[in-house]
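K.L.:
Just a sequence and a predicted model for now, questions to come.
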Amino acid sequence: MILIILGIAIVAALWVAGSFNSLVSLRNRFKNAFAQIDVQLKRRYDLIPNLVEIAKGYMKHERETLEAVIAARNTAYAASKAAAANPADAGAMKGLLGAEAGLAGAMSRLMVVAEQYPDLKANQNMMQLTEEMTSTENKISFARQTYNDSVMTYNTTRESFPTNILAGMFNFAEAQLFQIESTTEREAPKVKFT
(Lines give C-alpha, C1' and ligand atoms only; values in the text may rest on other atoms or scores of the structure.)
Protein backbone atom coordinates (compact mmCIF):
# COMPACT_ATOMS: atom_id res chain seq x y z
CA MET A 1 0.00 0.00 0.00
CA ILE A 2 2.82 2.41 0.86
CA LEU A 3 4.46 1.64 -2.50
CA ILE A 4 1.25 2.56 -4.33
CA ILE A 5 0.98 5.86 -2.43
CA LEU A 6 4.66 6.53 -3.06
CA GLY A 7 4.20 5.72 -6.75
CA ILE A 8 1.23 8.09 -7.03
CA ALA A 9 3.19 10.83 -5.23
CA ILE A 10 6.15 10.37 -7.62
CA VAL A 11 3.89 10.47 -10.69
CA ALA A 12 2.15 13.60 -9.34
CA ALA A 13 5.50 15.27 -8.60
CA LEU A 14 6.77 14.44 -12.09
CA TRP A 15 3.57 15.83 -13.63
CA VAL A 16 3.87 19.06 -11.63
CA ALA A 17 7.53 19.46 -12.58
CA GLY A 18 6.84 18.68 -16.24
CA SER A 19 3.86 21.03 -16.43
CA PHE A 20 5.74 23.81 -14.65
CA ASN A 21 8.73 23.43 -16.97
CA SER A 22 6.42 23.41 -19.98
CA LEU A 23 4.78 26.67 -18.89
CA VAL A 24 8.20 28.26 -18.28
CA SER A 25 9.38 27.12 -21.71
CA LEU A 26 6.27 28.48 -23.45
CA ARG A 27 6.49 31.77 -21.56
CA ASN A 28 10.15 32.15 -22.56
CA ARG A 29 9.24 31.33 -26.17
CA PHE A 30 6.68 34.15 -26.41
CA LYS A 31 9.06 36.55 -24.67
CA ASN A 32 11.73 35.67 -27.22
CA ALA A 33 9.20 36.13 -30.01
CA PHE A 34 8.42 39.60 -28.66
CA ALA A 35 12.15 40.36 -28.59
CA GLN A 36 12.15 39.74 -32.36
CA ILE A 37 9.33 42.27 -32.79
CA ASP A 38 11.27 44.68 -30.58
CA VAL A 39 14.35 44.40 -32.82
CA GLN A 40 12.30 45.31 -35.89
CA LEU A 41 10.44 48.11 -34.11
CA LYS A 42 13.77 49.59 -33.02
CA ARG A 43 14.97 49.42 -36.61
CA ARG A 44 11.84 51.29 -37.72
CA TYR A 45 12.26 53.86 -34.96
CA ASP A 46 15.88 54.40 -36.08
CA LEU A 47 14.84 54.92 -39.72
CA ILE A 48 12.09 57.46 -39.02
CA PRO A 49 14.33 60.40 -37.96
CA ASN A 50 16.40 59.91 -41.14
CA LEU A 51 13.23 59.90 -43.22
CA VAL A 52 12.00 63.07 -41.53
CA GLU A 53 15.38 64.76 -41.90
CA ILE A 54 15.40 64.18 -45.65
CA ALA A 55 11.80 65.32 -45.94
CA LYS A 56 12.57 68.52 -43.98
CA GLY A 57 14.63 69.89 -46.84
CA TYR A 58 11.73 69.60 -49.24
CA MET A 59 8.73 70.11 -46.97
CA LYS A 60 9.54 73.43 -45.34
CA HIS A 61 5.85 74.31 -44.92
CA GLU A 62 4.95 70.97 -43.32
CA ARG A 63 6.71 71.43 -40.00
CA GLU A 64 3.65 70.35 -37.98
CA THR A 65 3.44 67.04 -39.86
CA LEU A 66 7.15 66.34 -39.38
CA GLU A 67 6.99 67.18 -35.68
CA ALA A 68 3.95 64.92 -35.26
CA VAL A 69 5.89 62.01 -36.78
CA ILE A 70 8.84 62.52 -34.45
CA ALA A 71 6.57 62.88 -31.40
CA ALA A 72 4.67 59.70 -32.35
CA ARG A 73 7.96 57.89 -32.92
CA ASN A 74 9.25 58.92 -29.49
CA THR A 75 6.01 57.83 -27.81
CA ALA A 76 6.08 54.47 -29.60
CA TYR A 77 9.75 53.97 -28.75
CA ALA A 78 9.08 54.58 -25.04
CA ALA A 79 6.07 52.23 -25.12
CA SER A 80 8.20 49.62 -26.86
CA LYS A 81 10.77 49.77 -24.08
CA ALA A 82 8.06 49.25 -21.45
CA ALA A 83 6.58 46.29 -23.35
CA ALA A 84 10.01 44.76 -23.97
CA ALA A 85 10.72 44.84 -20.24
CA ASN A 86 7.74 42.53 -19.66
CA PRO A 87 5.74 41.37 -22.70
CA ALA A 88 3.34 39.59 -20.33
CA ASP A 89 2.22 42.93 -18.88
CA ALA A 90 -1.20 43.65 -20.42
CA GLY A 91 -0.96 47.38 -19.67
CA ALA A 92 2.42 47.72 -21.37
CA MET A 93 1.17 45.85 -24.43
CA LYS A 94 -1.94 48.05 -24.67
CA GLY A 95 0.28 51.12 -24.37
CA LEU A 96 2.49 49.84 -27.17
CA LEU A 97 -0.47 49.05 -29.40
CA GLY A 98 -1.90 52.54 -28.86
CA ALA A 99 1.45 54.19 -29.52
CA GLU A 100 1.97 52.09 -32.65
CA ALA A 101 -1.46 53.14 -33.91
CA GLY A 102 -0.52 56.79 -33.37
CA LEU A 103 2.76 56.30 -35.20
CA ALA A 104 1.04 54.57 -38.13
CA GLY A 105 -1.37 57.50 -38.42
CA ALA A 106 1.43 60.08 -38.32
CA MET A 107 3.47 58.14 -40.90
CA SER A 108 0.44 57.87 -43.18
CA ARG A 109 -0.07 61.63 -43.01
CA LEU A 110 3.62 62.17 -43.78
CA MET A 111 3.43 59.91 -46.82
CA VAL A 112 0.29 61.66 -48.10
CA VAL A 113 1.98 65.05 -47.76
CA ALA A 114 5.23 63.75 -49.29
CA GLU A 115 3.32 62.72 -52.41
CA GLN A 116 2.87 66.44 -53.12
CA TYR A 117 6.64 66.95 -53.48
CA PRO A 118 7.96 65.35 -56.70
CA ASP A 119 11.58 66.27 -55.93
CA LEU A 120 11.32 64.51 -52.57
CA LYS A 121 9.88 61.39 -54.19
CA ALA A 122 12.80 61.38 -56.67
CA ASN A 123 15.48 61.82 -53.98
CA GLN A 124 17.72 58.73 -53.95
CA ASN A 125 18.16 58.72 -50.17
CA MET A 126 14.40 59.02 -49.67
CA MET A 127 13.76 56.12 -52.06
CA GLN A 128 16.34 53.97 -50.24
CA LEU A 129 14.88 54.80 -46.82
CA THR A 130 11.34 54.07 -47.95
CA GLU A 131 12.50 50.72 -49.33
CA GLU A 132 14.11 49.93 -45.97
CA MET A 133 10.92 51.01 -44.17
CA THR A 134 8.83 48.72 -46.38
CA SER A 135 11.18 45.82 -45.70
CA THR A 136 11.09 46.54 -41.96
CA GLU A 137 7.28 46.68 -41.96
CA ASN A 138 7.22 43.23 -43.56
CA LYS A 139 9.62 41.88 -40.95
CA ILE A 140 7.47 43.36 -38.19
CA SER A 141 4.43 41.58 -39.62
CA PHE A 142 6.22 38.23 -39.67
CA ALA A 143 7.61 38.73 -36.16
CA ARG A 144 4.15 39.72 -34.91
CA GLN A 145 2.68 36.53 -36.38
CA THR A 146 5.33 34.40 -34.68
CA TYR A 147 4.75 36.20 -31.39
CA ASN A 148 0.97 35.77 -31.57
CA ASP A 149 1.39 32.05 -32.38
CA SER A 150 3.65 31.66 -29.33
CA VAL A 151 1.19 33.55 -27.13
CA MET A 152 -1.68 31.39 -28.36
CA THR A 153 0.21 28.18 -27.55
CA TYR A 154 1.18 29.50 -24.11
CA ASN A 155 -2.34 30.70 -23.28
CA THR A 156 -3.94 27.48 -24.50
CA THR A 157 -1.60 25.37 -22.35
CA ARG A 158 -2.06 27.72 -19.39
CA GLU A 159 -5.86 27.53 -19.62
CA SER A 160 -6.13 23.76 -20.22
CA PHE A 161 -7.17 21.48 -17.39
CA PRO A 162 -5.35 20.42 -15.20
CA THR A 163 -2.44 22.71 -16.08
CA ASN A 164 -4.63 25.72 -15.31
CA ILE A 165 -4.57 24.76 -11.62
CA LEU A 166 -0.78 24.74 -11.62
CA ALA A 167 -0.66 27.98 -13.66
CA GLY A 168 -2.87 29.68 -11.08
CA MET A 169 -0.77 28.41 -8.17
CA PHE A 170 2.47 29.74 -9.71
CA ASN A 171 1.03 33.00 -11.12
CA PHE A 172 1.47 32.29 -14.82
CA ALA A 173 -0.51 35.27 -16.13
CA GLU A 174 -2.29 35.41 -19.45
CA ALA A 175 -0.13 36.81 -22.25
CA GLN A 176 -1.50 39.52 -24.53
CA LEU A 177 -1.65 39.17 -28.29
CA PHE A 178 -0.02 41.87 -30.39
CA GLN A 179 -3.09 42.88 -32.37
CA ILE A 180 -4.47 46.15 -33.55
CA GLU A 181 -8.02 46.99 -32.53
CA SER A 182 -9.23 49.30 -35.30
CA THR A 183 -9.37 48.24 -38.95
CA THR A 184 -7.97 51.59 -40.07
CA GLU A 185 -4.99 51.08 -37.75
CA ARG A 186 -4.36 47.60 -39.19
CA GLU A 187 -2.92 49.04 -42.37
CA ALA A 188 0.84 49.52 -42.39
CA PRO A 189 2.04 53.00 -43.26
CA LYS A 190 2.45 53.35 -47.01
CA VAL A 191 6.06 54.31 -47.61
CA LYS A 192 6.44 53.51 -51.29
CA PHE A 193 7.22 56.28 -53.75
CA THR A 194 6.77 55.73 -57.48
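P.N.:
Nice, thanks for sending it over.
K.L.:
Just to check, I140 is in contact with R44?
P.N.:
Yes - here I140 lies in contact with R44, judged by Cβ atoms under 8 Å, at a distance of 6.8 Å. Quick note: C-beta positions are derived from backbone N, CA and C, even for glycine.
K.L.:
separation between A173 and R158?
P.N.:
8 Å (Cβ to Cβ, to the nearest Å).
K.L.:
What spatial separation is found between I8 and D119?
P.N.:
78 Å.
K.L.:
And for K31?
P.N.:
For K31, the distance to D119 equals 45 Å [Cβ to Cβ].
K.L.:
out of those two, which sits in the busier spot?
P.N.:
Taking other Cβ atoms under 10 Å, K31 and D119 do not tie; K31 has more neighbours (18 against 9).
K.L.:
Can you name the helix or strand that the one residue sitting closest to the centre of the chain falls in?
P.N.:
Most central in the chain under Cα atoms, centre = their mean is I37, positioned 4.8 Å from the mean C-alpha point. According to DSSP states H and E, I37 maps onto helix 2-58.
K.L.:
Can you list the helices and strands that that helix packs against?
P.N.:
helix 63-85, helix 90-114, helix 118-122, helix 124-159, helix 163-169 (3 or more Cβ pairs under 8 Å, 6 or more residues apart in numbering; DSSP states H and E).
K.L.:
worst average pLDDT in those?
P.N.:
Comparing mean pLDDT over the helices and strands packed on helix 2-58, the weakest stretch is helix 118-122, at a mean of 82.
K.L.:
How far does that one sit from its chain's centre?
P.N.:
In this view, helix 118-122 has its centroid 31 Å away from the chain centroid, taken as Cα atoms, centre = their mean, to the nearest Å.
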